[in-house]
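J.: Below are the sequence and a predicted model; questions follow.
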Amino acid sequence: GAGVSQSPSNKVTEKGKDVELRCDPISGHTALYWYRQSLGQGLEFLIYFQGNSAPDKSGLPSDRFSAERTGGSVSTLTIQRTQQEDSAVYLCASSPRAGVGLYEQYFGPGTRLTVT
Amino acid sequence: KNQVEQSPQSLIILEGKNCTLQCNYTVSPFSNLRWYKQDTGRGPVSLTIMTFSENTKSNGRYTATLDADTKQSSLHITASQLSDSASYICVVSALGFGNEKLTFGTGTRLTIIP
């Protein structure tokens, strides 16, 4: 079946502009995660959604970052007033559910964001 | 602070040879440890998941070990193939309040040469 998809695959934007990154999770997966992978760094957790519960936003680095998940499916990560340090690969993952347990996370190919 | 350290940072080996990648972690309370393979330009793909009670788990030519006492894990690749060239990421899960918190290592970049 279809895996996690993300769009765009690459995004170049000017400093100060807003960007929106999209994630389509695997159908039926209730948990959705956003991560950031900077050059030479490990993946950094940003935010996660589980069903209708309030999202865990504890990883968002600043109030310029926000995310929504509409209808329990598609998610959009928005970065306002982008800065050069926002340049990274943004990865989305989905899971059958979240919580304690060995629930596999399936990753999308990522969106490479470059802020000039 | 939860941390995952991997070594070596990079490794180059000849096709057909074996290799072992290392992972040390300080994550508490421990839930499980995962190894992922990430090809260039792609998202990570899971290789193994182990709980504290598991010492070893295999997935084809990949064998992961876990020593929960010393907080160390290794990933052994047997009879390497060119397609094994990728980054291998160790990920440790900590129990949270209703959610697991994953801590990612920075990965080992493995290159297989013919």
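T.: Ah, there it is.
J.: So which residues make contact with stretch B:54-63?
T.: B:35, B:47-50, B:64-67, B:75-81, B:84 (C-beta atoms under 8 Å, 6 or more residues apart in numbering or on different chains). To be clear about C-beta, it is placed using only N, CA and C from the backbone, and glycine gets the same treatment.
J.: Please work out the average pLDDT along that stretch.
T.: Here stretch B:54-63 scores 95 as its mean pLDDT.
J.: Nearest to chain A within chain B, name that residue for me.
T.: Residue nearest to chain A within chain B (C-beta to the nearest C-beta): B:Gly43, separated by 3.0 Å.
J.: And what about that residue, helix, strand or coil?
T.: coil (DSSP: H, G, I helix; E, B strand; the rest coil).
J.: State whether it and A:Gln105 are indeed in contact, as I suppose.
T.: No - between B:Gly43 and A:Gln105 there is no contact under C-beta atoms under 8 Å: 9.6 Å.
J.: and those two? which has more neighbours close in?
T.: A:Gln105 (26 against 23; other C-beta atoms under 10 Å in any protein chain shown).
J.: number of nearby residues for the closest residue to that one other than its chain neighbours?
T.: Of all residues not flanking A:Gln105 in the chain, A:Ala93 sits nearest, at 4.1 Å (C-beta to C-beta, 6 or more residues apart in numbering or on different chains). For A:Ala93, the neighbour count with other C-beta under 10 Å is 24.
J.: A:Ala93 against A:Tyr103, yeah?
T.: No - with contact defined as C-beta under 8 Å, A:Ala93 and A:Tyr103 do not form a contacting pair (10.6 Å).
J.: Next, show the common contact partners of B:Gly43 and A:Gln105.
T.: A:Ala93.
J.: Taking the centroid of chain A, which residue is nearest it?
T.: A:Trp34 (2.9 Å; C-alpha atoms, centre = their mean).
J.: Distance from whichever helix or strand that residue is part of to the middle of the chain?
T.: Using DSSP states H and E, A:Trp34 sits within strand A:31-37. Its chain's C-alpha centre and that of strand A:31-37 lie 4 Å apart, by C-alpha atoms, centre = their mean, to the nearest Å.
J.: what's it packed up against?
T.: Packing contacts for strand A:31-37, counted by 3 or more C-beta pairs under 8 Å, 6 or more residues apart in numbering or on different chains; DSSP states H and E, involve strand A:44-50, strand A:75-79, strand A:88-95.
J.: Identify all contacting residues around that strand.
T.: By C-beta under 8 Å, 6+ apart, strand A:31-37 touches A:23, A:25, A:43-51, A:61, A:67, A:69, A:75, A:77, A:88-98, A:103, A:105, A:110, B:104.
J.: rerun that using 6 Å as the cut-off
T.: A:25, A:43-50, A:67, A:69, A:75, A:77, A:88-95, A:97-98 (C-beta atoms under 6 Å, 6 or more residues apart in numbering or on different chains).
J.: show me where chain B has strands.
T.: With DSSP state E as the criterion, chain B has strands at B:3-7, B:10-14, B:19-26, B:30-38, B:45-51, B:56-59, B:62-67, B:72-77, B:86-95, B:100-104, B:108-113.
J.: low-confidence ranges in chain B?
T.: Applying pLDDT under 70 to chain B flags the ranges B:96-100.
J.: Quick check: closest non-adjacent residue to the residue nearest to the centre of chain A.
T.: A:Leu46 is the one closest to A:Trp34 (C-beta to C-beta, 6+ apart), at 4.2 Å.
J.: What's the local residue count around residue 2?
T.: Assuming you mean chain A. For A:Ala2, using other C-beta under 10 Å, the count is 8.
J.: ah, I was thinking of chain B
T.: When neighbours are counted by other C-beta under 10 Å, B:Asn2 registers 14.
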